[in-house]
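Participant: Pasting the sequence and the predicted model now:
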Amino acid sequence: MGAIDVKTVEDWQAASPWQIYHDQETGASLPVPPGWEGLLYPEVRIALRQPGSGPGFRPNVTLTVERPPKELSELPDYSQALLQAMALTLTDLTVISIDQYERWGVEGRRVLSAYRSGIYALALEQYWFLKDDLVTSMSGTCAVEQHDELAETFEYIVAGTGLASRLPDE
């Protein structure tokens, strides 16, 4: 996995050796790591999981799309509200870093955090971008001890993520 030197996400996806999953209803897309499997969840546009069997948490990536309410239509306001919601819903959430992030000329945020889910200590690497009144969010989750190994995979996925251009019912 290496950097791909191109000017658009479409060119990036064409140059990537990974398969690209396209969500026809929203226009969003993302690269799929070799061997990862797709999952179906009603509230998630794209969900992928690392192959494996047996006990233990399996790393996964999800992509969601939403139109934020008017009062959260600016990236700083949306980001603050999302972080507050995460603190209420994720057990023992610890935010490790919050970074401004830009991809393909669109401003976004990257948040690295850790939380507990049952017996698992998990790392959550989350990116979100606000473009044309739509938020496209990509989340990579893995066991804390797997994060160093998977951080480059998550970064490669977000580098090739095509942002949504519509909601499914529009």
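Facilitator: The structure has been received and is ready for your questions. Numbering: from 1, shown residues only.

Participant: I'd like to know which elements whichever strand or helix holds residue 113 is packed against.
Facilitator: Take DSSP states H and E as the rule and residue 113 turns out to sit in strand 106-117. Where contact means 3 or more CB pairs under 8 Å, 6 or more residues apart in numbering; DSSP states H and E, strand 106-117 is packed against helix 75-89, strand 91-103, strand 120-131. Just so you know, the C-beta spots here come from the backbone N, C-alpha and C atoms, and that holds for glycine as well.

Participant: Would you mind listing the buried residues in stretch 139-149?
Facilitator: 139, 140, 141, 142, 143, 146, 147 (16 or more other CB atoms under 10 Å).

Participant: That one: end-to-end distance?
Facilitator: 16 Å (CA to CA, to the nearest Å).

Participant: so how far is that stretch off the chain centroid?
Facilitator: Distance, stretch centre to chain centre, for stretch 139-149: 13 Å (CA atoms, centre = their mean, to the nearest Å).

Participant: So what pairs up with residue 94 in the strands?
Facilitator: Here residue 94 sits in beta bridges with residue 114, as judged by DSSP bridges.
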